[in-house]
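Participant: What would the 3D arrangement of this be:
(one chain, ligands or ions: 2)
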Amino acid sequence: MSQSPIDNPKHQNPGGQSVLVGENARRDDVDQAWEQDNQAWWDWYMTLADNSDEPAAEQQAQEPQGPPADGLDGITDVDLGVDEAAVRVELSVPYVLTAEQIDAFRTNGYIKLPGVLSPSATRLLRREIVGLLGDAFDTRLDGGTQGRFLSAEMAWREHPLLRAYVLSPRIAKICADLLGVRGVRLYHDNLMSKEPGCGRTPWHYDAHHFPLATNDVVTAWIPAQPIPRAMGPLRFAWPIDVYKLVEGVAFNKFDTSYDRGVADVFRRNAVAVDDGAFDAGEVSFHHNLCFHSAGANRTGQSRVVLANTFFADGARVLDRPTMVSGDWEKFIPGVAPGDVAASPLNPVCWPPQT
Ligand SMILES: O=C(O)CCC(=O)C(=O)O
Ligand SMILES: [Fe+2]
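Facilitator: Numbers count the residues shown, from 1 in each chain. Ligands and ions are numbered 1, 2, ... in the order given. As a prediction, the model looks like this:
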């Protein structure tokens, strides 16, 4: 008789709850549909990260606690209301990239750009996401929940202000210019909060995640506060082609062996990793083939981020999406495998549509 996922430790997170269910739990491969929602996907995915090198809990407690030290002095909540219209304008003003920046993205697979958001836009973004995730999970961010990775998608459909951040021509044009394509469509937005005490994000590239038959895919990872190293900034292995070094590492959906295997190959090959902090307003852009991970959040403040993923207009859905794509049909509804990914939930965000 096969063991039920509840009894089998390989299907459980450290809290003992089952993270995979049904066929996802019974079969060893990933060539099957994801059977739960996208939050359950994150709860599963974070169990694949190896945290054995992370500082112990006692050390974590010594990291700065308390109210957000967001480095965005002089902006009060009162100002935020006043700034909303200006922020909307800001989000449509082009950000001019140099040829060197575009070359760096194509060579390294990622780029961190300063000043994509103003301090007011950063602060306003945090207020919106903190409110939305707090309501969605019936919790308070910045300490109300420990150890989890909270996420919500498709916020742009219901929240007019977040819509301005997700469909921002400023951000989408950067993505189109970096990829060197004429137009980009939205795959999805992702409001994410890595709560205090949440461990590492496992090594991966997004080509493994997105069910798109193209590598012209880029994610704008937009912090909603500065991210010091202790808070777990996104970290990037570079140059872009280091993914070839780990093509032979077998993915395992039940344990941390893939994460450990990738880290080991990178260590043995002395692969460079950029794990630097993010300043307020700094935004990173990573390509589908860029290997990345993130550190644990060892602060008392939630690491709040908006991640918007865009792909070249005209791209198709893969013929066989896997469970690693999560509940992708929520993001491209009504489009069958193999068809062009252009549902009403995938608007062209650059160039502007008349
Ligand atoms: O925020 C994280 O820790 C992971 C995010 C990520 O992998 C992505 O946006 O592609
Ligand atoms: Fe990723």
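Participant: what sits against D216?
Facilitator: Counting by C-beta atoms under 8 Å, 6 or more residues apart in numbering, D216 touches 179, 181, 288, 311-312, 315. (Glycine included, C-beta is placed from N, CA and C.)
Participant: can you give me the helices for the stretch 51-200 of the chain?
Facilitator: Under the criterion DSSP state H, counting those that start in this stretch, the stretch 51-200 of the chain carries helices at the ranges 57-60, 77-90, 99-108, 119-136, 160-166, 169-179.
Participant: Contacts for the fourth one, please.
Facilitator: Taking contacts as C-beta under 8 Å, 6+ apart, the residues outside helix 119-136 that touch it are 68, 70, 72, 75, 77, 79-80, 83-84, 86-87, 90-91, 117, 139-142, 144, 150, 152, 155, 159, 161-162, 165, 191, 193, 222-225, 280-281, 302, 304, 306.
Participant: May I have that helix exported as PDB, CA atoms only?
Facilitator: Coordinates of the C-alpha atoms in helix 119-136 are reproduced here as PDB (Å, rounded to 0.1, in the frame of the first residue of the first chain):
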ATOM      1  CA  PRO A 119      11.300  57.300  -2.000                       C
ATOM      2  CA  SER A 120       7.600  58.300  -2.100                       C
ATOM      3  CA  ALA A 121       6.800  55.600  -4.600                       C
ATOM      4  CA  THR A 122       8.700  53.000  -2.600                       C
ATOM      5  CA  ARG A 123       6.900  54.000   0.600                       C
ATOM      6  CA  LEU A 124       3.500  54.000  -1.000                       C
ATOM      7  CA  LEU A 125       4.100  50.600  -2.500                       C
ATOM      8  CA  ARG A 126       4.900  49.200   0.900                       C
ATOM      9  CA  ARG A 127       1.800  50.600   2.500                       C
ATOM     10  CA  GLU A 128      -0.300  49.000  -0.200                       C
ATOM     11  CA  ILE A 129       1.300  45.600  -0.100                       C
ATOM     12  CA  VAL A 130       1.400  45.500   3.700                       C
ATOM     13  CA  GLY A 131      -2.300  46.300   3.800                       C
ATOM     14  CA  LEU A 132      -3.300  43.800   1.100                       C
ATOM     15  CA  LEU A 133      -1.200  40.900   2.400                       C
ATOM     16  CA  GLY A 134      -2.200  41.600   6.000                       C
ATOM     17  CA  ASP A 135      -5.900  41.400   5.100                       C
ATOM     18  CA  ALA A 136      -5.400  38.400   2.800                       C
END
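Participant: Which positions within it qualify as buried?
Facilitator: Neighbour counts over helix 119-136 (16 or more other C-beta atoms under 10 Å) mark 119-126, 128-130, 132-134 as buried.
Participant: quick one, which of the helices of the stretch 51-200 of the chain is nearest to V335?
Facilitator: With C-beta to C-beta, the closest approach to V335 among the helices of the stretch 51-200 of the chain belongs to helix 160-166: 19.4 Å.
Participant: Pull the distance from the closest one to the chain's centre.
Facilitator: In terms of C-alpha atoms, centre = their mean, to the nearest Å, the centre of helix 160-166 is found 17 Å from the chain centre.
Participant: Could you do stretch 189-199 as well?
Facilitator: Taking C-alpha atoms, centre = their mean, one finds stretch 189-199 lying 9 Å from the centre of the chain it belongs to.
Participant: first vs last residue of that stretch, how far apart are they?
Facilitator: Start and end residues of stretch 189-199 are separated by 22 Å (C-alpha to C-alpha, to the nearest Å).
Participant: does any part of it sit near ligand 1?
Facilitator: Yes - using C-beta under 6 Å from any ligand atom, stretch 189-199 comes into contact with ligand 1 via 192, 194.
Participant: ditto for stretch 24-40
Facilitator: No - using C-beta under 6 Å from any ligand atom, stretch 24-40 stays clear of ligand 1, with a minimum separation of 12.9 Å.
Participant: Using PDB, list the CA coordinates for that stretch.
Facilitator: Extracted C-alpha coordinates of stretch 24-40, given in PDB (Å, rounded to 0.1, in the frame of the first residue of the first chain):
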ATOM      1  CA  ASN A  24       2.100  15.700  -6.700                       C
ATOM      2  CA  ALA A  25       2.800  13.900  -3.500                       C
ATOM      3  CA  ARG A  26       2.600  10.300  -4.900                       C
ATOM      4  CA  ARG A  27       4.700  10.600  -8.000                       C
ATOM      5  CA  ASP A  28       8.500  11.400  -8.100                       C
ATOM      6  CA  ASP A  29       8.400  13.400 -11.300                       C
ATOM      7  CA  VAL A  30       7.200  17.000 -12.000                       C
ATOM      8  CA  ASP A  31       5.600  16.300 -15.300                       C
ATOM      9  CA  GLN A  32       2.100  16.800 -14.000                       C
ATOM     10  CA  ALA A  33      -0.200  19.700 -13.100                       C
ATOM     11  CA  TRP A  34       0.100  21.600  -9.800                       C
ATOM     12  CA  GLU A  35      -2.800  20.500  -7.600                       C
ATOM     13  CA  GLN A  36      -3.100  23.400  -5.100                       C
ATOM     14  CA  ASP A  37      -3.200  27.200  -5.100                       C
ATOM     15  CA  ASN A  38      -0.200  29.400  -5.600                       C
ATOM     16  CA  GLN A  39       0.300  30.100  -1.900                       C
ATOM     17  CA  ALA A  40       0.600  26.400  -1.300                       C
END
